[in-house]
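Asker: here is a sequence together with a model predicted from it:
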Amino acid sequence: MTALPGVPAGHAAEDDAAPDWQTNEEDRRGPAGGAATGQASEKQRDYASVHIYGSRAALCFNADMTRAEGHTICLDAAASKGQRSFNWEGKIRVQFTTKELPFVLAVLMGWMTSVQFTAHGPKKDKGFSLEHQAGGKVFARVWQGNGGGQLSVPIFAEDLYGVVALLLRQMGRNSPHLGVDGVMAVVRQLSSTYQERGLEVKPPPQRSAAA
């Protein structure tokens, strides 16, 4: 993966291996359709979602679960087909790894300016970025392939609440001992630490084929 927020050069896990930010991706089914490929039963699936509509594309943030049963979010992006009509059948889908969630929250809350993750999907050709802009707006981009396939949607302040609430819901389920207040406090403190130390967004080392 590339473009990892707040991770200093040379950072490694306790076993001296590079952090695996892509672990347990992907795929589940969101309300926009598509066959489920994970292990959870129909009763276990969570269809909570938040839609954001732009003039040229739309986003759907879906409650989701990784293969390791971690609670996360799956982001669908669909191009516009006309007024209030979007091509959900041809959507681009990116499942956030649980390790990416804190950085997504930090940008949505304005604690970090931007974040970008790439190398998602079976072909490692999908990615997403979020940038917190003036006026409380977050500019979201989702893409697939090297020759185009990029969709962009601004998320305005009035829509951010729903996305943040869904994100906190999922993160709280992964860390019930912290609760929502604890999750917020930890992510905010970590974001502050990154900024104070002037840590830059740097790509981690690429995983080998045998990893």
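Answerer: It's in.
Asker: quick check: pLDDT value at Asn146.
Answerer: As predicted, Asn146 sits at a pLDDT of 72.
Asker: show the contacting residues for the closest residue to it other than its chain neighbours.
Answerer: Spatial nearest neighbour of Asn146, excluding adjacent residues (C-beta to C-beta, 6 or more residues apart in numbering): Asp125 at 6.9 Å. Just so you know, the C-beta spots here come from the backbone N, C-alpha and C atoms, and that holds for glycine as well. By C-beta atoms under 8 Å, 6 or more residues apart in numbering, the contact list for Asp125 reads Ala119, Gln144, Gly145, Asn146.
Asker: so which of these is surrounded by the most neighbours?
Answerer: Gln144 (20 neighbours; other C-beta atoms under 10 Å).
Asker: isn't it up against Gly121?
Answerer: Yes - in this structure, Gln144 is within contact of Gly121 by C-beta atoms under 8 Å, at 7.2 Å.
Asker: what about Ser192, helix or strand, and which?
Answerer: If you go by DSSP states H and E, Ser192 is part of helix 179-196.
Asker: tally of neighbours for Arg141?
Answerer: Neighbour tally, Arg141, other C-beta under 10 Å: 16.
Asker: just give the nearest non-adjacent residue to Thr108, would you?
Answerer: Quick fix: residue 108 is Leu, not Thr. Per C-beta to C-beta, 6+ apart, closest to Leu108 is Val164, 5.3 Å.
Asker: no further queries at this time; thank you.
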